[in-house]
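Chemist: Could you work out the structure for the sequence below:
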Amino acid sequence: MLLPDRHLVADLLGRYREWERLVLADPLDETTRRRFEDVAYTLCVLMGQRTAREAILKAEAYLRRTRPVPIFQDGTESVGPGAHD
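Modeler: Below is the predicted model of the structure:
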């Protein structure tokens, strides 16, 4: 079974929480609400859940039980091409 990238899940969860705060601060802002719903939908698809609440709970549990796998034996991670330019 393929598992989602831990960093992507963490990023989406953070975005979800930020958009949630913005929606609560201004519930009538349609643009903010639409972006919040887009992130919620993406989290649902990524985590294989039907509701945002279920997706968040699953994402939080997933992040608690997984750790990033180091790319190199010394424990450092790859930063990608061009990162040292």
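
Chemist: check which helix or strand covers Leu63.
Modeler: Using DSSP states H and E, Leu63 sits within helix 52-65.

Chemist: Please identify the buried residues of that helix?
Modeler: 52, 55-56, 58-59, 62 (16 or more other Cβ atoms under 10 Å). C-beta: built from backbone N, CA, C; applies to glycine.

Chemist: what comes into contact with it?
Modeler: Outside of helix 52-65, the residues within contact range by Cβ atoms under 8 Å, 6 or more residues apart in numbering are 3-4, 6, 9-10, 12-13, 16, 40, 43-44, 46-49.

Chemist: what's the distance between the residue most central in space within the chain and Ala25?
Modeler: Centroid check for the chain by Cα atoms, centre = their mean gives Leu12 as the closest residue, at 2.1 Å. According to Cβ to Cβ, to the nearest Å, Leu12 stands 20 Å off from Ala25.

Chemist: Compute the first-to-last residue distance for stretch 37-55.
Modeler: Using Cα to Cα, to the nearest Å, one end of stretch 37-55 lies 13 Å from the other.

Chemist: Just checking the distance from that stretch to the centre of its chain.
Modeler: How far stretch 37-55 lies from its chain's middle: 10 Å, per Cα atoms, centre = their mean, to the nearest Å.

Chemist: So for stretch 44-52, what gets flagged as buried?
Modeler: 44, 46-47, 49, 52.

Chemist: Next, the contact list for the residue nearest to the centre of the chain, please.
Modeler: Leu12 is in contact with 39, 42-43, 46, 59, counting by Cβ under 8 Å, 6+ apart.

Chemist: redo that, cut-off 6 Å
Modeler: Applying Cβ atoms under 6 Å, 6 or more residues apart in numbering, we find Leu12 in contact with Leu43.

Chemist: The chain should start at 674 in everything you say after this.
Modeler: All right, first residue 674 from here; so that's Leu685.
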